[in-house]
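> My questions are about this predicted structure, shown below with the sequence.
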Amino acid sequence: MTESETLREQARSKHIAGETVEAISLLTQAIQQDSSNTLVAMDMVQIFIDIGELEQATNLFNKLPNSDMEGDTGKALQGQLTVCNLAAKTEGKAALQVRLSNNEDDYTAHFDLAICLVSEHDYQQAVEHLFHILKREPEFKEGAAREMIIALTDILAPNEPELAQSFRRRLANLLS
């Protein structure tokens, strides 16, 4: 294993343990060791997404080679960036939950809350809101709930294939 890969693995462990500042420092060292290791840059993009630094995440992501952007990890990162940017444009999770407590059939609130939940990695709850829409109003925003479920399965497929598959099965069962 190369020095940059060793530092990258250490950084991942630190980030998972909640030691994000240390993780960023290790990834910075790794990129200085081997600037051609784009996996290091993609890990840094993920950390920036996780800590809400969307502008930095987007800027770094846009510097990746097209081959990395178009790979499974690149597509997953792009999906996360898209969802996080969409979530930032909603009223926010708390306000949306209040709206839903007043009107369970506020499909826009369900959809926007699903976006917020996906941005927080709460995929199960997000999908529940999307299926709520899909069961009651399948053509809401021209099938946006269905499209969001499909996009979510694509985001999850590389890292959580079982969860992605369970969402696909559930969607197929509902649509058949």
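Nice, thanks for sending it over. Residues are numbered from 1 along each chain as shown.

> Contacts for stretch 114-122 next, please.
Residues from elsewhere that reach stretch 114-122 (Cβ atoms under 8 Å, 6 or more residues apart in numbering): 80, 83-84, 86-87, 90, 92-93, 96, 123, 125-127, 129-130, 145, 148, 152, 155. C-beta here means a position set from N, CA and C on the backbone, and glycine is covered the same way.

> redo that, cut-off 6 Å
Residues outside stretch 114-122 that contact it (Cβ atoms under 6 Å, 6 or more residues apart in numbering) are 83-84, 86-87, 90, 93, 125-126, 129-130.

> and which of those is nearest to residue 75?
residue 83 (12.6 Å; Cβ to Cβ).

> pLDDT score for the closest one?
You'll see residue 83 listed with a pLDDT of 86.

> Next: residue 147.
At residue 147, the model reports a pLDDT of 93.

> try residue 152
Residue 152 is assigned a pLDDT of 87 by the prediction.

> Now it: which helix or strand?
Using DSSP states H and E, residue 152 maps to helix 144-156.

> which secondary structure elements does that helix contact?
For helix 144-156, the packing partners by 3 or more Cβ pairs under 6 Å, 6 or more residues apart in numbering; DSSP states H and E come out as helix 123-136, helix 161-175.

> Sort out which of the contacts of stretch 114-122 are buried, if you could.
By neighbour count, with 16 or more other Cβ atoms under 10 Å, these hold 83-84, 86-87, 90, 93, 126, 129-130 as buried.

> Understood, closing this out.
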